[in-house]
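Colleague: Generate a structure from the sequence data that follows.
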Amino acid sequence: RGGPRGRGRGRGRGRGRGKEDQKEWVPVTKLGRLVREGKIDKLESIYLFSLPIKEFEIIDFFLGAALNDE
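Modeller: Predicted coordinates:
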C-alpha cells in the first residue's frame with residue numbers, strides 16, 4: 001500500500017540553521033526598510049500607529065542584547 005510516495009518526507013529539514021544567524025538582515029516589508037534606514041528610531045513609534053510587525057528582526061534591531069532566551 002502507498003508505495004514509495006510517503007518516503008523521504010522529512011529530509012533536508014534544518015540544514016544550515018546556524019549560518020542564518022550570521023547573515024545580515026535584509027528587510028522584506030516597508031516597515032523593515034524604514035527601521036533599517038533609521039527613519040523609525042523607537043519601537044514605541046511602531047505601536048503608536050498600530051503597525052503590524054511581520055519580521056522578528058525588527059524587534060531584534062531595537063532590543064538587541066536586552067533580549068534573552070530562557
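
Colleague: now the closest residue to residue 61 other than its chain neighbours, what's its secondary structure?
Modeller: Nearest residue to residue 61, sequence neighbours excluded (CB to CB, 6 or more residues apart in numbering): residue 35, at 5.7 Å. C-beta here means a position set from N, CA and C on the backbone, and glycine is covered the same way. Recorded secondary structure, residue 35: helix (DSSP: H, G, I helix; E, B strand; the rest coil).

Colleague: Residue 35 - how many residues pack around it?
Modeller: Residues lying near residue 35 (other CB atoms under 10 Å) number 24.

Colleague: I'd say it and residue 60 touch.
Modeller: No: Residue 35 lies out of contact with residue 60 (CB atoms under 8 Å); the separation is 10.3 Å.

Colleague: could you pull out the helices for the protein?
Modeller: Ranges of helices within the chain are 17-20, 30-37, 43-48, 56-63, based on DSSP state H.

Colleague: Please convert those to CSV, extending it with distance to residue 70 and mean pLDDT.
Modeller: Listed next are the helices of the chain as CSV, based on distance: least, CB to CB, whole Å; pLDDT from 0 to 100:
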stretch, distance to residue 70, mean pLDDT
helix 17-20, 20, 54
helix 30-37, 26, 96
helix 43-48, 21, 95
helix 56-63, 15, 93
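
Colleague: For those, could you give me JSON lines that also reports distance to residue 69?
Modeller: Converted to JSON lines, these look like this (distance: least, CB to CB, whole Å):
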{"stretch": "helix 17-20", "distance to residue 69": "15"}
{"stretch": "helix 30-37", "distance to residue 69": "22"}
{"stretch": "helix 43-48", "distance to residue 69": "19"}
{"stretch": "helix 56-63", "distance to residue 69": "12"}
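
Colleague: which residues touch residue 61?
Modeller: 25, 35, 36 (CB atoms under 8 Å, 6 or more residues apart in numbering).

Colleague: Which pLDDT value goes with the first one?
Modeller: Yep, that's residue 25 we're talking about. If you check residue 25, the pLDDT there is 92.
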